[in-house]
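# No sequence on hand, only this structure:
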């Protein structure tokens, strides 16, 4: 069998497994939609009802002069969209990966299908790559779906409340094309590597908690006003994350052996 088609079969099997598990599918979608649709909607209505709230004005003082355009409500809404919301697209790929990647090998052990998987015409490293790609594709699909839902709802609300449309800033290019994919690959690689050693999916998911701590600190910096992710910080963060993702994947492939995988099975 062609190696490419064999890898595609492994990827499709994992994706079908997620689609068939209603609870897993809902857990992947509900929280990202809360972060990207419900939360910004609350911000928009708060800004509309009380645009001169002291906490909002403190954040406004940190904006560069060229970012302040239009009315106060438009500027505050632009602040939420272009400076606050991008950080949530570091959380979403980690959350999606923690659900899907955690069951990559641990799920195979629980279902007693690991030996069957190892009999396929793929090397162990190729199986690892197929597992990484399946979780990565699903994670990115959730990110893009969340972004589209966020923009659709946010633009509708802004249009009816403010009578204008809100354009996303250039920083979103780095977020969607560089940062989110890199963070997703980092999370997927580390979680799948941990899944190979874990005896259960729950044990594998525990390690994902530590990945989200740095992002939570970044979110705290955003809302406290101490750190706003402008386009240059996003570009730098994207390059660092891309290099780290490449390095971690290389290390994970080098240290991935059948002894390591079967030891905990």
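Here it is on my side, so go on. Small disclaimer: the values here were computed from a predicted structure and weren't measured.

# Please tell me how far residue 183 sits from residue 212.
10 Å (Cβ to Cβ, to the nearest Å). Placement of C-beta: from N, CA and C, glycine included.

# what do you get for residue 141?
Distance from residue 141 to residue 212, by Cβ to Cβ: 20 Å.

# got it, and residue 158?
29 Å.

# Scan the protein for its longest helix.
Secondary structure of the chain read by DSSP state H shows that its longest helix is helix 124-162.

# Endpoints of stretch 117-126, how far apart?
End-to-end distance of stretch 117-126: 12 Å, with Cα to Cα, to the nearest Å as the criterion.

# just how off-centre is it within its chain?
Taking Cα atoms, centre = their mean, to the nearest Å, one finds the center of stretch 117-126 at 28 Å from the center of the full chain.

# next one: stretch 164-177
17 Å.

# What of stretch 134-150?
8 Å.

# what mean pLDDT would you report for the longest helix of the chain?
Mean pLDDT, helix 124-162: 89.

# before we move on, what about stretch 231-243?
Computed over stretch 231-243, the average pLDDT equals 87.

# Buried residues, that stretch. List them.
By 16 or more other Cβ atoms under 10 Å, the buried positions in stretch 231-243 come out as 231, 234, 235, 237, 238, 241, 242.

# Quick check: buried residues in the following helix or strand past the longest helix of the chain?
Later in the chain than helix 124-162, the nearest helix or strand by DSSP states H and E is helix 171-174. Within helix 171-174, the residues scored as buried using 16+ other Cβ under 10 Å are 171, 172, 174.

# now, which of those sits nearest residue 92?
Of all those, residue 92 sits closest to residue 172, with 13.8 Å by Cβ to Cβ.

# and the gap between the closest one and residue 46?
From residue 172 across to residue 46, the span is 22 Å (Cβ to Cβ).

# Settle it for me: which of residue 158 and residue 212 has more neighbours?
residue 158 (21 against 16; other Cβ atoms under 10 Å).

# Nearest spatial neighbour of that one, chain-adjacent residues omitted?
Excluding the flanking residues, the one nearest residue 158 by Cβ to Cβ, 6 or more residues apart in numbering is residue 166, at 4.8 Å.

# Alright, that wraps it up for me.
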